[in-house]
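S.K.: below: sequence and its predicted model.
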2 protein chains.
Amino acid sequence: MSLKKKVSIAVVRRLPRYYRYLSDLLSMDITRISSKELSARMNITASQIRQDLNCFGGFGQQGYGYNVESLYKEIGNILGVNDRFKTIIIGAGNMGQALAHYGNFEKRGFDIIGIFDINPDLLGKKIKNMEIMHTDNLEDFITKNQVDIAILTVPHEQTREVAERVARAGVKGLWNFSPMDLKLHYDTVIENVHLSDSLMVLGYRIKEKFGSK
Amino acid sequence: MSLKKKVSIAVVRRLPRYYRYLSDLLSMDITRISSKELSARMNITASQIRQDLNCFGGFGQQGYGYNVESLYKEIGNILGVNDRFKTIIIGAGNMGQALAHYGNFEKRGFDIIGIFDINPDLLGKKIKNMEIMHTDNLEDFITKNQVDIAILTVPHEQTREVAERVARAGVKGLWNFSPMDLKLHYDTVIENVHLSDSLMVLGYRIKEKFGSK
């Protein structure tokens, strides 16, 4: 099944969540599920689920519901888990190392093939069998290896410069952990991770439930 | 201004983003802004913005727009940045250490007051002037210090057990970095961080823009 039309980013942002829930169902040997049951599990309305999945041509059958395995595979294809994205990490500090060891990324189609830093204490050290390289080698490495994605975990004030360098060198996507909404004058696709946002939502929900202090 | 009614979680999830953009505007000495201008910057429709902010009684004035500073302060109050949440980190590996050093959390109202692990190589070491403690001391510490939030960066298979322990000990909120949707039979509020979700959205957007491989 191929993409029929441009799907709204709001729907796209929900797909990884469907993917996770379907993976859980598979691991529990549940082979089919109605939009109603899925709705109860995921805390999304059934009509929202039908609408979302309709964007991709719809995989459900009236009276049967969804076949878990084929829906899981289709959403995986849509998200590109079989595409294998060549990924590098720039910034080998705690966050960079944590991400390098995060096994889930490989399962989802992202292969970490290089790690970079400028700290002399880190250069040459090995993380997951890869020697940490100096960022001077970034452009060379990106060109030679046709790197798709750069994960940026460098200090705030260096983020823009590094991002522009790797964008110019041909990286297609940036995953930015610096607390800023990075924007560039390049075609590069950027996802900014704002960890504080999620923590602030937690704070709000605690206040709502337990009252202000 | 106080909360008039229960605000939908979708709106709440957008508030930290408003908060960030308003903070940027303040740092550029922009004192007032229309919903239209804010819309262009944030890539949200102006009517969405008006709707969102109306949930809290609305702060805009016809023909004037929003006063950036007072809107910034109000949203900060709503989110609880002045409430000071006492926060501990459980799991002092790379992710735990990265989060401990993330300066933004304190600015947003979250004070890290303790870090825990079970690894003998880590115990007693200092992170930001705090000695890493053994998780055996969790319950004591939580009770004595009236801890509000526990950040969980422990291995997947230990997450549930640790979460139940701290929930029983009276923690109000959990911020879970383990790749699972943690649910507990306690009142504890839980926010699960799914890093892979954001990376998968990046993959999708790259495919959409540059084509499949």
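M.R.: Great, that's in hand.
S.K.: what mean pLDDT does the longest strand along chain A get?
M.R.: Assignment by DSSP state E gives strand A:110-117 as the longest strand of chain A. Here strand A:110-117 scores 97 as its mean pLDDT.
S.K.: quick one: strands adjacent to the very next helix or strand once past it?
M.R.: Using DSSP states H and E, the next helix or strand after strand A:110-117 towards the C-terminus is strand A:126-127. Applying DSSP bridges, strand A:126-127 is found paired with strand A:130-131 (antiparallel).
S.K.: quick check: mean pLDDT of whatever helix or strand comes next after the strand it pairs with?
M.R.: Next in sequence after strand A:130-131, counting helices and strands by DSSP H and E, comes strand A:133-134. Strand A:133-134 comes out with an average pLDDT of 98.
S.K.: residues making contact with strand A:133-134?
M.R.: With contacts defined as Cβ atoms under 8 Å, 6 or more residues apart in numbering or on different chains, strand A:133-134 is touched by A:114-118, A:123, A:141. The way it works is simple: take the backbone N, C-alpha and C, and place the C-beta from them, glycine included.
S.K.: how far away from the center of its chain is it?
M.R.: Taking the mean of its C-alpha atoms, strand A:133-134 sits 25 Å from the chain's own mean (Cα atoms, centre = their mean, to the nearest Å).
S.K.: next one: the helix or strand just after that strand to chain centre, how far?
M.R.: As assigned by DSSP H and E, the chain's next helix or strand after strand A:133-134 is helix A:138-145. On the basis of Cα atoms, centre = their mean, helix A:138-145 sits 22 Å off its chain's mean C-alpha point.
S.K.: need the helices for chain A, in chain order.
M.R.: Counting by DSSP state H, chain A has helices at residues A:9-27, A:35-42, A:46-54, A:68-79, A:94-100, A:104-107, A:138-145, A:156-168, A:195-210.
S.K.: ranking those by burial, who's on top?
M.R.: helix A:94-100 (a mean of 22; mean count of other Cβ atoms under 10 Å in any protein chain shown).
S.K.: could I get the average pLDDT for that one?
M.R.: The predicted model assigns helix A:94-100 a mean pLDDT of 95.
S.K.: does chain B sit close to it?
M.R.: Yes. Applying Cβ under 8 Å from any Cβ of the partner chain, one finds helix A:94-100 touching chain B at A:94-95, A:97-99.
S.K.: so which elements touch that helix?
M.R.: When contacts are defined as 3 or more Cβ pairs under 8 Å, 6 or more residues apart in numbering or on different chains; DSSP states H and E, helix A:94-100 packs onto strand A:85-90, strand A:110-117, helix B:94-100.
S.K.: relative to B:E131, which of these is closest?
M.R.: Ranking the helices and strands packed on helix A:94-100 by proximity to B:E131 (Cβ to Cβ) places helix B:94-100 first, at 12.3 Å.
S.K.: low-scoring stretches of chain A, by residue?
M.R.: Within chain A, the stretches with pLDDT under 70 are A:1-6, A:56-60, A:213.
S.K.: could you dump the helices and strands packed on helix A:94-100 to TSV with distance to B:L22?
M.R.: Converted to TSV, the helices and strands packed on helix A:94-100 look like this (distance: least, Cβ to Cβ, whole Å):
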stretch	distance to B:L22
strand A:85-90	29
strand A:110-117	33
helix B:94-100	24
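S.K.: and of the ones you listed, who's closest to A:K183?
M.R.: Of all the helices and strands packed on helix A:94-100, strand A:85-90 comes closest under Cβ to Cβ, at 17.9 Å.
S.K.: can you list the strands that the closest one pairs with?
M.R.: When DSSP bridges is applied, strand A:85-90 pairs with strand A:110-117 (parallel), strand A:149-152 (parallel).
S.K.: just say which of those strands is most tucked in.
M.R.: Taking mean count of other Cβ under 10 Å, strand A:149-152 is the most buried of these, at a mean of 26.
S.K.: and that strand, how far from the chain's centre?
M.R.: Worked out by Cα atoms, centre = their mean, strand A:149-152 lies 11 Å from the chain centre.
S.K.: which residues sit against that strand?
M.R.: Residues contacting strand A:149-152 (Cβ under 8 Å, 6+ apart): A:85-91, A:96, A:99, A:110, A:142, A:159, A:162-163, A:166, A:171-178, A:182, B:202-203, B:206.
S.K.: start and end of stretch A:146-153, how far apart?
M.R.: End-to-end distance for stretch A:146-153, by Cα to Cα, to the nearest Å: 20 Å.
S.K.: and stretch A:140-152, by the same measure?
M.R.: For stretch A:140-152, the end-to-end distance is 17 Å (Cα to Cα).
S.K.: identify the residues contacting stretch A:37-51?
M.R.: A:14, A:17-18, A:21, A:34-36, A:58, A:60, A:65-66.
S.K.: try it again with 7 Å
M.R.: A:17, A:21, A:35-36, A:60 (Cβ atoms under 7 Å, 6 or more residues apart in numbering or on different chains).
S.K.: put the alpha carbons of that stretch into CSV.
M.R.: Taking Å, rounded to 0.1, in the frame of the first residue of the first chain, the C-alpha atoms of stretch A:37-51 are listed here in CSV:
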residue,chain,number,x,y,z
GLU,A,37,-10.8,-2.3,21.5
LEU,A,38,-7.8,-0.4,20.2
SER,A,39,-9.5,2.8,21.3
ALA,A,40,-9.9,1.5,24.9
ARG,A,41,-6.2,0.5,25.1
MET,A,42,-4.8,3.6,23.5
ASN,A,43,-7.1,6.2,24.9
ILE,A,44,-7.9,7.6,21.5
THR,A,45,-11.5,7.6,20.2
ALA,A,46,-12.5,4.8,17.8
SER,A,47,-13.5,7.3,15.2
GLN,A,48,-10.1,9.0,15.4
ILE,A,49,-8.4,5.6,14.9
ARG,A,50,-10.6,4.9,11.8
GLN,A,51,-9.9,8.3,10.5
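S.K.: measure stretch A:52-61 end to end?
M.R.: End-to-end for stretch A:52-61, by Cα to Cα: 15 Å.
S.K.: an error on my part: the question was meant for stretch A:118-133.
M.R.: Counting by Cα to Cα: the opening and closing residues of stretch A:118-133 are 8 Å apart.
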